[in-house]
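Asks: attaching a predicted model along with its sequence, questions to come.
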Amino acid sequence: MRIVALETLRLNEFPNLLWVRLHTDKGYVGIGETFFGAQAVESYLHESVAPYLLGQDPRDIQRHARALRQYVGFCGTGVEQRGNSAIDLALWDLIGRATGQPLYQALGGRVRTEIPVYNTCAGYRYIRAQPRQAVENWGLPENPSEGPYEDLEAFLTRPDALARDLLAMGIRAMKIWPFDPEAERTNGQFLSLSDLERCLEPFQRIRATVGQEMELLVELHGLWNLPMAVRIARALEPLKPLWIEDPLRSDDLDALATLARATPIPLALSETLGPRSAFRQLLEQRIPGFILFDLGWCGGPTEARAIAAMAEAYQLPVAPHDCTGPIVLTGSVHFSLSIPNSFIQEFVRAFYFGWYQEIVTNLPPFANGLISAPEEAGLGTDLRPELWERSDAHIRISH
């Protein structure tokens, strides 16, 4: 079996997403996905990856993962790493399809049949318009009408009702980020006590309404300096959140270690990191309490397996990230079911019940707060064929 074409797809409606299809001479097609910098990743795949990958046997995944480590751009989650991640996911999908196995089986088999989710409380258009993690790109509607799950607007205005609604769906953990506007206003340098109290209000209202029934996850998006991150963490301690995610940029290990010693709340780190070497340094200093990575950014399932194995050696759970696209979510669920130290799967119900269904033919089954993997071969889903007929589609093929 040989790879005979590398095909990419972008849609103007979803400018941050890039999908890739690998075609083989046996008729099997594997799909991958990544997020942010879609046009740049597209160029990289056709200019740098295709000349190497075309004509290769897709089953040699480990060899391809090593060969695609570029001379530059291999340490983080930049264009090269995101492109390689999409390719790796497509290769694993191909292996599953060619052997008639679900991806979780190709990865070594399941250790569980389903896994709990936490709801990242984004809305339907969160981080859609531009490639920026910024308040101006939250996509808040003026009049929420797209559906019942505009959860970002809900956590800002009615977090208590949102918590009750999630519990009714069986979801017992939720992630919110009310600190971001203040971080942007002061460049992450200062958070006054009065502003701090206002940012704590959503968490306080949730605890007052549902008590300990809901796990609280705090997202800080790496926006703060060390003193303010300490101030936030200590103020949150009485509310007993499960974790604080990315309080600082993840490239300053000494500062992260200082913060980890300053609070009993575990740190969750970090979807922003790339290959295993970055996580090795975190683990060696015993900084994180939870390990997070994104299959579309870290290097795909091949690299994620190595990261998860290292975390297991340090007695740490992993929680794959997905606030990006339906292919990465599906791959992450397969991955979570196959890894012994997977803890919980990120899930955005506004995406799952919203635009994800416009993109793919099938999604991982979800019920009562638990998600499981499709049973069909490979990922168990496909990009909808009508995507290639859309007027806003940008298609490029290397043969």
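Replies: Perfect, I can see it now.
Asks: looking at this protein, which strand is longest?
Replies: strand 14-24 (DSSP state E).
Asks: and that strand, which strands flank it?
Replies: strand 3-11 (antiparallel), strand 29-35 (antiparallel) (DSSP bridges).
Asks: distance check, the nearest residue to residue 393 once chain neighbours are set aside against residue 388.
Replies: Take residue 393 and drop its neighbours on the chain: the residue closest to it by Cβ to Cβ, 6 or more residues apart in numbering is residue 11, 5.8 Å away. To be clear about C-beta, it is placed using only N, CA and C from the backbone, and glycine gets the same treatment. Using Cβ to Cβ, to the nearest Å, residue 11 is found at 10 Å from residue 388.
Asks: between the two, which one's more packed in?
Replies: More neighbours surround residue 11 than the other of residue 11 and residue 388, with 18 against 12 (other Cβ atoms under 10 Å).
Asks: before we move on, back to that, just the strands paired with strand 14-24: most buried one?
Replies: strand 29-35 (a mean of 26; mean count of other Cβ atoms under 10 Å).
Asks: downstream of that one, the next helix or strand is which one?
Replies: Heading C-terminal from strand 29-35, the first helix or strand you meet, by DSSP states H and E, is helix 38-44.
Asks: identify the residues contacting that following helix?
Replies: The set of residues external to helix 38-44 that reach it, using Cβ atoms under 8 Å, 6 or more residues apart in numbering, is 8, 10, 15-18, 34, 79-80, 82-83, 86, 131, 394, 396.
Asks: secondary structure of residue 183: a strand, I assume?
Replies: No - counting by DSSP: H, G, I helix; E, B strand; the rest coil, residue 183 is not part of a strand but helix.
Asks: run a quick neighbour tally on it.
Replies: With other Cβ under 10 Å as criterion, residue 183 counts 23.
Asks: ok, it - contacts?
Replies: With Cβ under 8 Å, 6+ apart, residue 183 has these contacts: 191, 220, 221, 223, 224.
Asks: now with 10 Å?
Replies: Neighbouring residues of residue 183 by Cβ atoms under 10 Å, 6 or more residues apart in numbering: 135, 177, 189-191, 199, 220-225, 228, 232.
Asks: and of the residues you listed, the nearest to residue 351?
Replies: Distance to residue 351, by Cβ to Cβ, is smallest for residue 177 among those, at 16.1 Å.
Asks: just confirm that closest one contacts residue 151, I think it does.
Replies: No - assessed by Cβ atoms under 10 Å, residue 177 is found out of contact with residue 151, at 11.6 Å.
Asks: picking up where we left off before, ok, and the most crowded of the contacts of helix 38-44?
Replies: residue 34 leads the contacts of helix 38-44 on contacts (other Cβ under 10 Å) with 33 neighbours.
Asks: tell me the spacing between that residue and residue 350.
Replies: 21 Å.
Asks: coming back round to it: of all the contacts of helix 38-44, the one with the weakest confidence?
Replies: Ranked by pLDDT, the contacts of helix 38-44 bottom out at residue 131 (90).
Asks: right, and that residue touches residue 15 too?
Replies: Yes - between residue 131 and residue 15 a contact is recorded at 7.4 Å, counting by Cβ under 10 Å.
Asks: still on that earlier bit, just the ones of the contacts of residue 183 in strands?
Replies: Counting by DSSP E, these contribute nothing to strands.
Asks: list the contacts of residue 90.
Replies: So residue 90 contacts 3, 6, 19-22, 29-33, 53, 58, 300, 327, 331, 378-379 (Cβ under 10 Å, 6+ apart).
Asks: quick one: pLDDT of residue 148?
Replies: pLDDT at residue 148 comes out at 93.
Asks: that one contacts residue 166, doesn't it?
Replies: No - if you go by Cβ under 10 Å, residue 148 and residue 166 don't touch, sitting 11.9 Å apart.
Asks: so what sits against both of these two?
Replies: 154, 349.
Asks: perfect, that will be all.
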